[in-house]
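Undergrad: pasting the sequence and the predicted model now:
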Amino acid sequence: MGTADDRTFERLRASGDHVHERIAHFPFWKEYDKELDSDIADMKNLGSDSAGMITAGKFLARFTTRPYIHLDIAGPAFLTRRDGYRPKGGTGTRCGCSWNSSNVARQRPSGKRRTMSEGRKVPRVGISCGDLHGIGIEVVLKTFEDARLLQDVTPVLYASAKAVSHHRKALGLDEVQFHRVNDAAEALPKKLNLVNLWEEDVPIELGKPSGKSASFAIQSLEAATHDLAAGKVDLLVTAPIDKNAMEAAGFAFPGHTEYLAHVAGVDQVLMVLVGDGLRVGTVTGHIPLKDVAPAITTERILIKARLFHQSLLRDFGVITPRLAVLGLNPHAGDGGTLGTEDRERILPAVRQLVSEGIQAMGPYAADGFFGNGTYKQFDGVLAMYHDQGLAPFKALSFGHGVNFTAGLPIVRTSPDHGTGLDIAGKGVADEGSFRNAVWMATDILRQRELFKAIGVNPLQKQERGKKEKD
């Protein structure tokens, strides 16, 4: 779709997710303008199969002063074969999301702006502040600088008023206001709430390694997690941490994922990166590359794949998930020439998954899988190790992807970037990924509620009795 209104796009994207139709924000690059110039008219048609979208969007941008959207539903008609989630032909794709969105609009009271909160509780979003010397607080402030988000969520940031004020002043974000509370239960709707965790003056050097100050990031995470368990907040979004500084400050876990699994008492979780229709999970997490191959076992692959499959059903509403499993070695082992793990450990796992009714395929060679676009055919991609999955993901979606922890009893997301020490304090950090993390967390929370409701009091199969003989 084409629009100059990001808020409208987010509303239609959410509506598309609800009806399982994916839409993308079409970029109207300035380079198109020259191609549209005409000596005899205001503008001309580019004249190719995809030109209608560009021409219509540029026409609206040039000649209308009111907010607009252009939702292209005819483009898929040019498909001569199935492509990912799009069927052959496919005319009418994305009609569902526009109907759902307009139907919601018709149901709103006259003169009243509908928000996500109408008809249901506005979720409280617990936010850990992350590394005080990085960009975590910056992206939080920038996200909620747009007060419209406060219509749909109630953010609760765990930090200190002094630390947040320091960031706000350093970044020139003085207009972003926060409501200071001593307990998350006191959080007010339509406000950026701040649970004041400490009173002392903490020396903050933006862009420098945090050292002992990492203890405050630990304090923030622990407080947010405690309130999440107590029901004071409904979900958790974590700002980036410096893992090395956290370890030096006494944090006993490689990252957020492992810490939350420990607190929740869960043996197995799955890190999933989500963005642009791509979901990538990893069999192994934050471990050295030399330890990856011994850690890849058939049983471990099965555990992670089952978690992924269940998450696609429960958290993302995918009705029949298709799961791709990547190989470990170059060319997926090349028949054993480049390693036997693919043939002896990964392939048996894929076959077992298929026998369980899970649509799993693989092992795929990772380079060709991403290079030729095969990933578009799947709802989830299970990589064997961290960089195998995250490197292509971030190349495709960096800056607006989201890190989600599947397998937890609670909902936790985070942005797809790190502490950003190289840009901290410069005011240039992009809040897009953090904002998406907030939206995705609320979407997953609602989807879990729906999934649970669907399973309540299911119809039981009835045995047909034999007719009595006369």
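TA: Arrived safely, thanks for sending. Worth saying up front: this structure is predicted, and the values here are computed from it rather than measured. Numbers count the residues shown, from 1 in each chain.
Undergrad: mind showing which ranges of this protein have poor pLDDT?
TA: Scanning the chain for pLDDT under 70 picks out the ranges 4-8, 11, 15-23, 27-32, 34, 46-52, 64-67, 73-120, 457-470.
Undergrad: and the residue most central in space within the chain, how far is that from residue 160?
TA: Most central in the chain under C-alpha atoms, centre = their mean is residue 402, positioned 3.5 Å from the mean C-alpha point. Taking C-beta to C-beta, to the nearest Å as the measure, residue 402 falls 27 Å from residue 160. Every C-beta, even on glycine, is put in place using the N, C-alpha and C of the backbone.
Undergrad: and residue 299, how far is that from residue 405?
TA: Residue 299 sits at a distance of 21 Å from residue 405 (criterion: C-beta to C-beta).
Undergrad: who has more neighbours, these two?
TA: Neighbour tally, residue 299 and residue 405, criterion other C-beta atoms under 10 Å: the higher count belongs to residue 405, 25 against 10.
Undergrad: that one: what's it in contact with?
TA: Neighbour list for residue 405: 256, 257, 260, 261, 269, 270, 271, 272, 412, 413 [criterion: C-beta atoms under 8 Å, 6 or more residues apart in numbering].
Undergrad: which parts of the stretch 151-300 of the chain are helices?
TA: Assignment of helices within the stretch 151-300 of the chain using DSSP state H, counting those that start in this stretch yields the ranges 161-170, 214-229, 243-248, 256-264, 292-295, 298-314.
Undergrad: for residue 236, which of those helices is the nearest?
TA: helix 214-229 (5.2 Å; C-beta to C-beta).
Undergrad: flag every buried residue along the closest one.
TA: By 16 or more other C-beta atoms under 10 Å, the buried positions in helix 214-229 come out as 214-225, 227-228.
Undergrad: and those residues as a markdown table, adding distance to residue 347?
TA: Shown next, in a markdown table, are the buried residues of helix 214-229 (distance: C-beta to C-beta, whole Å):
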| residue | distance to residue 347 |
| --- | --- |
| 214 | 43 |
| 215 | 46 |
| 216 | 47 |
| 217 | 42 |
| 218 | 42 |
| 219 | 46 |
| 220 | 44 |
| 221 | 39 |
| 222 | 42 |
| 223 | 46 |
| 224 | 42 |
| 225 | 39 |
| 227 | 45 |
| 228 | 40 |
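Undergrad: and those residues, which is closest to residue 444?
TA: Looking across the buried residues of helix 214-229 and measuring by C-beta to C-beta, the closest to residue 444 is residue 228, at 14.0 Å.
Undergrad: please enumerate the strands of the stretch 301-450 of the chain.
TA: Counting by DSSP state E, counting those that start in this stretch, one finds strands in the stretch 301-450 of the chain at the ranges 322-326, 359-364, 380-383, 402-406, 412-415.
Undergrad: quick one, which of these is nearest to residue 456?
TA: Taking the strands of the stretch 301-450 of the chain one by one with C-beta to C-beta, strand 402-406 is closest: 22.5 Å.
Undergrad: neighbouring strands of that closest one in the sheet, and parallel or not?
TA: Applying DSSP bridges, strand 402-406 is found paired with strand 270-275 (antiparallel), strand 412-415 (antiparallel).
Undergrad: possible to save those as JSON lines with mean neighbour count and distance to residue 241?
TA: Converted to JSON lines, the strands paired with strand 402-406 look like this (neighbours: other C-beta atoms under 10 Å; distance: least, C-beta to C-beta, whole Å):
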{"stretch": "strand 270-275", "mean neighbour count": "24", "distance to residue 241": "14"}
{"stretch": "strand 412-415", "mean neighbour count": "28", "distance to residue 241": "9"}
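Undergrad: out of those strands, which gets nearest to residue 191?
TA: So among the strands paired with strand 402-406, strand 412-415 is nearest, using C-beta to C-beta, at 21.2 Å.
Undergrad: got a list of contacts for that closest one?
TA: Taking C-beta under 8 Å, 6+ apart as the rule, strand 412-415 contacts 139, 235-240, 256, 260, 401-405, 433-434, 436-438, 440-441, 444.
Undergrad: C-alpha coordinates for it, PDB please?
TA: Taking Å, rounded to 0.1, in the frame of the first residue of the first chain, the C-alpha atoms of strand 412-415 are listed here in PDB:
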ATOM      1  CA  ARG A 412       8.500 -10.500  25.800                       C
ATOM      2  CA  THR A 413       9.900  -8.600  22.800                       C
ATOM      3  CA  SER A 414      12.800  -6.300  22.100                       C
ATOM      4  CA  PRO A 415      14.300  -4.300  19.200                       C
END
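Undergrad: tell me the gap between that strand and the middle of its chain.
TA: 7 Å (C-alpha atoms, centre = their mean, to the nearest Å).
Undergrad: buried ones in stretch 384-404?
TA: 384-386, 388-390, 392-394, 397, 400-404.
Undergrad: show me the contacts for residue 370.
TA: Counted by C-beta under 8 Å, 6+ apart, residue 370 has contacts 392, 396.
Undergrad: try 10 Å this time
TA: Residue 370 makes contacts with 278, 280, 326, 364, 376, 381, 388-389, 391-393, 395-396, as judged by C-beta atoms under 10 Å, 6 or more residues apart in numbering.
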